[in-house]
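Enquirer: Let's see this in three dimensions:
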Amino acid sequence: MPVYICRWPNGDFSVVSAANKERAIVLLDEIGNAEGAPISVIKDFMIHFELKDSGDLGFESFGEATEGKIMEWGYPLLDDAWAEVANGSLGEDERANVIRQAVDAERERVVHKVKEPETELGKRIKGLTDAPA
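Expert: The predicted structure is shown next:
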C-alpha cells in the first residue's frame with residue numbers, strides 16, 4: 001500500500017498509508033481538510049521510534065532517504081537554507097537567522113487550493129463540516 005506525505009499550509013506535514021490518494025485525503029481529515037493540500041507518494045519510507053522508560057514511544061529519527069525526500073519535496077526553501085548554513089561560513093546568529101527566515105517563507109509558500117462542491121447542498125455541508133468535496 002502506498003505511503004503518502006501531505007504538506008499542510010502551516011508548515012506541518014502528515015504521513016499516511018492508503019490504497020490511493022482519495023483514501024489518503026479521507027484519512028487525513030482526522031487532522032484537517034487535506035483536499036487541495038500538496039500530497040505525494042513517498043517511497044522507501046522509514047521512521048524510528050524509541051521506547052522511553054515511561055512506556056511512551058518517542059520520535060527518534062527518519063531514515064536518510066525519507067528525510068531527504070521530505071525536505072526536497074515539502075520544504076525546498078528550508079532545504080536550501082540548511083545547505084547554505086552547512087558550509088560553516090556564517091556565524092551562529094547568522095545561521096539562526098537564515099533558518100528562521102526559511103521557516104517563515106515555508107509557512108507562507110504553500111496555499112491550500114480547496115475544491116468547492118458543485119451543488120448548493122454540498123456547499124452547505126462543506127461549510128458546516130469542512131469535509132472534502
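Enquirer: the helices in the chain, which residues?
Expert: 21-28, 64-74, 76-86, 92-109, 120-129 (DSSP state H).
Enquirer: Quick one: list the elements packing against the shortest one.
Expert: Counting contacts by 3 or more Cβ pairs under 8 Å, 6 or more residues apart in numbering; DSSP states H and E, helix 21-28 is packed against strand 3-7, strand 13-17, strand 39-41. C-betas here are computed from N, CA, C, even on glycine.
Enquirer: State the distance from the closest residue in space to A34 that isn't next to it in sequence to A86.
Expert: Nearest residue to A34, sequence neighbours excluded (Cβ to Cβ, 6 or more residues apart in numbering): L28, at 3.8 Å. As judged by Cβ to Cβ, to the nearest Å, L28 and A86 stand 32 Å apart.
Enquirer: Looking only at neighbour counts, state which of the two leads.
Expert: L28 (22 against 10; other Cβ atoms under 10 Å).
Enquirer: In contact with that one, which residues?
Expert: Shown in contact with L28 (Cβ atoms under 8 Å, 6 or more residues apart in numbering): C6, S14, V16, A34, A37, I39.
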